[in-house]
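In: Please work out how this folds:
(one chain, ligands or ions: 2)
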Amino acid sequence: MSDRRTFTNKITTIERYILDQQRDFPEATGMLTNLLYDLALSAKMIANSTTRAGLADILGETGEENAYGEQVQKLDEYAERTIYRMNDHTGRLAVMASEEEEDIIPIPPNYPIGRYVLHYDPLDGSSNIDYNVSVGTIFAIHRRKTEGDGPGTLEDCLQPGRELVAAGYIIYGSSTMMVYSTGQGVHGFTLDPRIGEFLLSHPDIRIPKKPKYYSANQGYEPRWAPAIRKYTRWLQGENDQGMALSLRYIGSLVADFHRNLLAGGVFYYPAEVGSGGKPQGKLRLLYEAAPLAYLADQAGGYASDGAQPILDIQPTSLQQRVPLFIGSRPLVEKAEELLRAEA
Ligand code: AHM
Ligand code: MG
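Out: Ligands and ions are numbered 1, 2, ... in the order given. Below you'll find the model as predicted:
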């Protein structure tokens, strides 16, 4: 007789997991479920290309013809096109917006209009690709705000993070992972390249109570306000809690956020002061800060612009930038406290 040992770990594919979660909402139509499938499929296609990124030089420079006379697309353009093409015709979306595009991305006239709004950063940290460093895709899903079933508008895109119905990211690292939330906790799936499936590997992620890391580009310290420098010293050990964090900064937001989500810690990209500084930091509210703030919140953490929760900020433009402090709640609150004291 064959050996039927009892395996304690179930193998759960992302498809099965998303469907199981949907069963808790009998009124759900399956549209959001299918939208998440489409994003998982886009992720597999993009992962397939990112793992071959180092071969571009051999097969032909990006943007030029490769040895076979084919046009080689830049990876960030490929990611952009892939997500767009997976979602333009499905009837699930009213409108899209991408970090790579100035304006809203309408659904083409010949396709049905849906109820959801998709924001995405197709390949965040793409300047890292040449050095074989992890990059990521970030996505955020809102319900449309405008009445009727006509094309979605800018108003549908400019919604605060509190109104999100789902958000997540894909990290193309030593493994490819998709991490998302639909408001019932944060769940992580690892792509098994042998079978081409995302398998549940990190159910119900919670940011650990004891933080390990702080992450910021300390090369910019000369441009930081005194409160931010003081905050950095506090994280390094000038506190009465015996806490001294280690520094880790990749420069790929998804990778930095992912590590701190699993290990505990804080990432910050503050406002810069003085001439030549970035007065609102670098990161985009709609494509980077808000979706990750939603995930942090769902995992028991917090995100702030230094004065207020990121999730409460009403966006006024698509490409709006915002200072970002994100991760373990007490660490983010300390940044707020020091900035308030300085104001
Ligand atoms: P991008 O959207 O142009 O890729 O830039 C965003 C990236 C983030 O992934 C990362 O956190 C940040 O830029 C790093 O910026 P810096 O090099 O200034 O530290
Ligand atoms: Mg980006």
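In: May I have the residues that are in contact with residue 297?
Out: 303, 311 (C-beta atoms under 8 Å, 6 or more residues apart in numbering). Where you see a C-beta, it was placed from the backbone N, CA and C, and this is true even at glycine.
In: give me the element the residue nearest the centre of the chain is part of.
Out: Of all residues in the chain, the one closest to the mean position by C-alpha atoms, centre = their mean is residue 138, 3.3 Å from it. Here residue 138, judged by DSSP states H and E, is contained in strand 135-143.
In: The host helix or strand of residue 48 and ligand 1, any residue contact?
Out: If you go by DSSP H and E, residue 48 is part of helix 31-50. No - counting by C-beta under 6 Å from any ligand atom, ligand 1 is not contacted by helix 31-50; separation bottoms out at 13.7 Å.
In: any idea how far residue 304 is from the closest residue to residue 181 other than its chain neighbours?
Out: Leaving aside its chain neighbours, residue 181 sits nearest to residue 298 (4.3 Å; criterion: C-beta to C-beta, 6 or more residues apart in numbering). Separation of residue 298 from residue 304 (C-beta to C-beta, to the nearest Å) stands at 16 Å.
In: still on that earlier bit, what residues are bridge-paired with the residue nearest to the centre of the chain?
Out: When assigned by DSSP bridges, residue 138 has beta-bridge partners residue 121, residue 169.
In: if I pick residue 112, what's in contact with it?
Out: Residue 112 neighbours (C-beta under 8 Å, 6+ apart): residue 91.
In: now it: how far from ligand 1?
Out: Residue 112 sits 31 Å away from ligand 1, taking C-beta to the nearest ligand atom, to the nearest Å as the criterion.
In: So what's the predicted local confidence for that residue?
Out: In this model, residue 112 is scored at 96, pLDDT.
In: Checking it next. Helix, strand or coil?
Out: Classification of residue 112 using DSSP: H, G, I helix; E, B strand; the rest coil returns coil.
In: Kindly report the same for residue 293.
Out: With three-state DSSP as the basis, residue 293 sits in helix.
In: Could you report the separation of it from ligand 1?
Out: With C-beta to the nearest ligand atom as the criterion, residue 293 and ligand 1 are 14 Å apart.
In: what about that residue, how many residues close to it?
Out: 30 (other C-beta atoms under 10 Å).
In: ok, now which ones touch it?
Out: By C-beta under 8 Å, 6+ apart, the contact list for residue 293 reads 161, 303, 309, 310, 311, 326.
In: how about stretch 318-332: buried residues?
Out: Of all the residues in stretch 318-332, those buried under the rule 16 or more other C-beta atoms under 10 Å are 318, 321, 322, 323, 324, 325, 326, 327, 328, 329, 331, 332.
In: cool, stretch 96-106 as well?
Out: By 16+ other C-beta under 10 Å, the buried positions in stretch 96-106 come out as 96, 97, 98, 99, 100, 104, 105, 106.
In: State the number of residues packed around the residue nearest to residue 181.
Out: Neighbour tally, residue 298, other C-beta under 10 Å: 21.
In: what stretches of the stretch 51-200 of the chain score poorly on pLDDT?
Out: Filtered on pLDDT under 70, the stretch 51-200 of the chain yields the residue ranges 56-73.
In: if you set the cut-off to 80 instead, what comes out?
Out: 52-73 (pLDDT under 80).
In: near ligand 2, which residues of it?
Out: By C-beta under 5 Å from the ion, the residues of the stretch 51-200 of the chain that approach ligand 2 are 121, 124.
In: for the one residue in the stretch 51-200 of the chain that gets nearest to ligand 1, what are its contacts?
Out: Proximity of the stretch 51-200 of the chain to ligand 1 (C-beta to the nearest ligand atom) peaks at residue 125, 3.7 Å away. Contact analysis of residue 125 by C-beta under 8 Å, 6+ apart lists 133, 134, 135, 136, 250, 251, 252, 253, 254, 255.
In: how about a cut-off of 7 Å?
Out: 135, 136, 251, 252, 253, 254, 255 (C-beta atoms under 7 Å, 6 or more residues apart in numbering).
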